[in-house]
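*Asks:* quick one, what's the 3D model for this:
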Amino acid sequence: MTARRKIDPVQLRAALTAVRDWLLAPEPAVAPARADLAAAVRLSARTLENIAPGASVEVRVPPFVAVQCIAGPRHTRGTPPNVVETDPRTWLLLVTGAVTFEEAAAAGSLSTSGVRAAEIAHWLPLLRL
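*Replies:* Got it, this is the predicted structure:
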């Protein structure tokens, strides 16, 4: 197993602050620069990976990142039994507490499979802006 790289909370806050206006706009018109969006998504997903270590749930935020988290049975091949997948904006709304896991799922902007997938809700939000 590869060692998980520690995420600097200052870097995470800076990355989220860089996309804050777009994220919190009621009708976002122009997406932030791809590099800024990628940094915010990757740092936040890897923060979740660090604070909820394990490999029983896979969190996917295409096209930027997929991480495994939550202690329990380890998944190693094929399609994981517990998956959470969403778009970058919804992920960042979850991370910052602007929307709840339940709200995102009800709106259809978050898909889950497996009985343990919803356990990531316990770890969110990561950082309120």
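
*Asks:* surely residue 37 touches residue 19?
*Replies:* Yes. Assessed by C-beta atoms under 8 Å, residue 37 is found in contact with residue 19 at 6.0 Å. For every residue, glycine as well, the C-beta is placed using N, CA and C.

*Asks:* what is the end-to-end distance of stretch 12-32?
*Replies:* One end of stretch 12-32 sits 16 Å from the other (C-alpha to C-alpha, to the nearest Å).

*Asks:* please begin residue numbering at 19 from this point
*Replies:* Yep, numbering from 19; the last one is stretch 30-50 now.

*Asks:* what is the mean pLDDT for that stretch?
*Replies:* The average pLDDT within stretch 30-50 is 91.

*Asks:* which residues touch the residue nearest to residue 98 when sequence neighbours are not counted?
*Replies:* Among residues not flanking residue 98 along the chain, residue 76 sits closest, at 4.3 Å (C-beta to C-beta, 6 or more residues apart in numbering). Neighbouring residues of residue 76 by C-beta atoms under 8 Å, 6 or more residues apart in numbering: 84-86, 93, 98, 100-102.

*Asks:* again, 6 Å this time
*Replies:* 86, 98, 101 (C-beta atoms under 6 Å, 6 or more residues apart in numbering).

*Asks:* ok so, going back, and residue 55 and residue 37? Which one has more around it.
*Replies:* Neighbour totals were compared for residue 55 and residue 37, and residue 37 leads with 23 against 20 (other C-beta atoms under 10 Å).

*Asks:* now the more buried one: how far from residue 99?
*Replies:* 32 Å (C-beta to C-beta, to the nearest Å).

*Asks:* pretty sure the residue nearest to residue 98 sits in a strand.
*Replies:* Yes. Counting by DSSP: H, G, I helix; E, B strand; the rest coil, one finds residue 76 located in a strand.

*Asks:* roughly how far does it sit from residue 117?
*Replies:* Here the criterion is C-beta to C-beta. By it, residue 76 lies 21 Å from residue 117.

*Asks:* about what we covered before: using CSV, lay out the contacts of residue 76 together with pLDDT.
*Replies:* Output for the contacts of residue 76, formatted as CSV (pLDDT from 0 to 100):
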residue, pLDDT
86, 92
98, 77
101, 95
